[in-house]
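A.B. asks: here's a sequence, model it:
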Amino acid sequence: MLFTTTQEHELFRKKIRKFAESEIKPQAFALDQNNEFPTEAVKKLGEMGCMGIPYPTEYGGAGMDILSYAIAVEELARVDGGAGVILSAHVSLGAWPIFAFGTEEQKKKYLVPLAKGEKIGAFGLTEPNAGSDAGGTETTAMLKGDYYLLNGNKIFITNAPKADTYVVFAVTTPDIGTRGISAFIVEKGWEGFDFGDHYDKMGIRSSSTAELVFNDVKVPKENLLGKEGDGFKIAMATLDGGRIGIAAQALGIAQGAYEHALEYSKERIQFGKPICAQQTISFKLADMATKLRCARFLVYSAAEKKEAHEPYGMEAAMAKMYASDIALEVCNDALQIFGGSGFLKGMEVERAYRDAKITTIYEGTNEIQRMVIAANIIGRMPKDKSAGGSSKIMKKSAPITGLRKGMILKDGSAQEKIDTLVAALKKDGYDFTVGIPLDTPITKAERVVSAGVGIGKKENMKLIKELAIQAGAAIGSSRPVAETLKYVPLERYVGMSGQKFKGNLYIACGISGAVQHLKGIKDASTIVAINKNKNAPIFKNCDYGIVGDVNEILPLLAAALDNGEEKKPAPPMVKIKRPLPPKEKPIGKSYICGGCGYEYDPGIGDEDAGVAPGTLFENVPDDWVCPECSAEKDNFIEG
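C.D. replies: A predicted model of the protein is given here:
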């Protein structure tokens, strides 16, 4: 056991390193500064056969092993973390589920162009309420004959919108948890499939990351991956392999930072000698090198186990957790060795420091990795009898902004929808004969009319201004409108990272509802949303919504709020209370086991026995037995 790579592996490393140094490194700073995807470099990777490294040649791949793939990700990330994850997300997430679970027809149609690098792949699992907990998936796919109707949103999707092929997870059978999730192959360009804004990230800025938006997307029945209900299994198996890629990315980022720090420490003279000769720095370098070697063994070992078709889930979790944790430590030490110079934009160690952090978060946070490792070590534990012996099923997450009225106006003419909205707002106590200055600070405003990218061209801001005047409100915006489009000053954008609105009325115009924006308005008494996308997340987080084109709706709404006179100064704000949520009615009667006292709750069911939450006791199968003492169903009495 020499614990070393083969000559072929090292020749391949040399090839990828040469490409990374010549094609990626010269533009890495510009890619980071401009939040720009390296389109031409990715195209060349495909021409080199690197976009399908671990896949068989009959499917367009290079026919190499998983370790070669890990080396490729590592070497790309060594010069730019974003480049590393582009390859990782494509190979591990976009292509692997099709290779592992696809039919022969699906492989020929989708895997071959992905492996050849003719198309780019991506993976759509994460949602606002489904991150570490995939069971919170809310995107739906309803079977309609020979196709599924896909509706919902995915966030933080790596390679979007550059990717051509997406593996997307959606609920096909509601109310049975993860067993109701299925996987689909979805193509860019299909009607109803759109993208949200490209996220402005702290690191890996050359990697494109965006939201996926599905509005009645028709997905052919033959694009179901695996069987209905296989989605969660496919997602978890995919993430196991994806963690090897992210571990390799973290290793590469750390390796690059270490090499820069080592070189600099030999050149920097202090107290008459290179700083690497100072014991404090030499010890730091020794620790960095040791951590890198440990991480490399973990990554390569996991890759080899996967290649050998041995169980590798725990090893992949260990590699991802450890490599990403030490990436932060190594990059931090590298920047410290550079001192003040390392803190400047344009320095490789500064970029590596920012790139490293995300590796502890995506493909399962490191907290999740520790749970995976612990579960493999400990095994499945018995139920907690003190809690009644039944695992409680968590209720669906409440909207990000808290419970709302959720009156969404989709049907009827634009004028009819506006009349309904205005009547409801006046009934809630809003007086539109009074108003506040348009430039009132967001944090002090009683009302705000906010513009999102859905407003379109800058000249359409006059619609926002006119509505704000007639609504007696100040003007706000989403972050992209202020920061990227620069339609309003930066201090006007509303969101978790911007200004928090805690007043009464918030009217969101053309704002889809990113999580950070929604958290900035969660304390609003009333939220009104106007958006043409009926599946925009903001509609799940508002009191009143109008589905329609803002360019048509806003002038009509402004006219409906116009009382023909100049608005009088608004009195000091009195916070309008939100209505209390209705109390939930019990689903059905509970039943008690006569043998041990276990209580069957219809709202919880017994998922271990295949009894879904919401199943009334009378509908429980006759052969079902008490999960605690195995007493038959006939031994239960009404509670």
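
A.B. asks: how much space between residue 185 and residue 154?
C.D. replies: Per CB to CB, to the nearest Å, residue 185 is found 14 Å from residue 154. C-beta coordinates here come from the backbone N, C-alpha and C atoms, glycine included.

A.B. asks: those two: which is more packed in?
C.D. replies: residue 154 (26 against 23; other CB atoms under 10 Å).

A.B. asks: could you pull out the strands for the stretch 51-200 of the chain?
C.D. replies: For the stretch 51-200 of the chain, strands defined by DSSP state E, counting those that start in this stretch occupy the ranges 121-124, 140-143, 147-158, 165-171, 181-187, 193-198.

A.B. asks: taking strand 165-171 as reference, get the angle to the longest one.
C.D. replies: Going back to what we said before, that points to strand 147-158. 110 degrees (axes from the mean of the first three to the mean of the last three CA atoms, to 10 degrees).

A.B. asks: could you measure from the residue positioned nearest the centre of the chain over to residue 172?
C.D. replies: Nearest to the geometric centre of the chain sits residue 156, at 3.4 Å (CA atoms, centre = their mean). Residue 156 sits 23 Å away from residue 172, going by CB to CB.

A.B. asks: hmm, residue 608 is touching residue 627, no?
C.D. replies: Yes: in terms of CB atoms under 8 Å, residue 608 counts as a neighbour of residue 627; the distance is 6.5 Å.

A.B. asks: these two: which is more packed in?
C.D. replies: residue 627 (20 against 10).

A.B. asks: within the helices and strands, which one has residue 218?
C.D. replies: Assigned by DSSP states H and E, residue 218 falls within strand 209-220.

A.B. asks: and that strand, what's buried?
C.D. replies: Across strand 209-220, burial judged by 16 or more other CB atoms under 10 Å covers 209, 210, 211, 212, 213, 214, 215, 217, 219.

A.B. asks: do stretch 508-522 as well
C.D. replies: Those buried within stretch 508-522 under the rule 16+ other CB under 10 Å are 508-522.

A.B. asks: could you work out the most separated pair of the residues you listed?
C.D. replies: 510 and 522 (19.8 Å; CB to CB).

A.B. asks: for residue 321, helix, strand, or coil?
C.D. replies: helix (DSSP: H, G, I helix; E, B strand; the rest coil).

A.B. asks: which residues does the nearest residue to it once chain neighbours are set aside contact?
C.D. replies: Nearest residue to residue 321, sequence neighbours excluded (CB to CB, 6 or more residues apart in numbering): residue 369, at 3.8 Å. The contact partners of residue 369, by CB atoms under 8 Å, 6 or more residues apart in numbering, come to 243, 317, 318, 320, 321.

A.B. asks: ok, and for the helix or strand in which the third one is found, which residues are buried?
C.D. replies: Right, the one you point to is residue 318. Using DSSP H and E, residue 318 sits within helix 313-338. Within helix 313-338, the residues scored as buried using 16+ other CB under 10 Å are 313-328, 330-335, 337-338.

A.B. asks: and the angle for the helix or strand following that helix with helix 313-338?
C.D. replies: Downstream of helix 313-338, the next assigned helix or strand under DSSP H and E is helix 348-357. Here helix 348-357 runs at an angle of 150 degrees relative to helix 313-338 (the same axes, to 10 degrees).

A.B. asks: let me know the next secondary structure element after helix 348-357.
C.D. replies: Defined by DSSP H and E, the subsequent element after helix 348-357 is helix 366-378.

A.B. asks: which parts of that next one are buried?
C.D. replies: 366, 368, 369, 372, 373.

A.B. asks: and which of those is nearest residue 306?
C.D. replies: Using CB to CB, the buried residues of helix 366-378 come closest to residue 306 at residue 372, 15.1 Å.

A.B. asks: so what's that closest one closest to, chain neighbours aside?
C.D. replies: Nearest to residue 372 is residue 317, by CB to CB, 6+ apart, at 4.2 Å.

A.B. asks: what does the closest residue to residue 489 other than its chain neighbours show for phi and psi?
C.D. replies: Sequence neighbours aside, residue 482 is the residue nearest to residue 489 in space, at 6.8 Å (criterion: CB to CB, 6+ apart). Taking degrees, to the nearest 10, you get phi -90, psi -40 for the backbone angles of residue 482.

A.B. asks: just to check, the residue nearest to the centre of the chain is in contact with residue 208?
C.D. replies: No: at 11.5 Å, residue 156 does not count as touching residue 208 under the criterion of CB under 8 Å.

A.B. asks: can you get me a residue count around residue 14?
C.D. replies: 11.

A.B. asks: which residues touch the helix or strand following the strand holding residue 218?
C.D. replies: Downstream of strand 209-220, the first helix or strand assigned by DSSP H and E is strand 224-225. Contacting residues not belonging to strand 224-225 are listed as 97-98, 101-102, 106, 148, 167, 182-185, 231, 234 [CB under 8 Å, 6+ apart].
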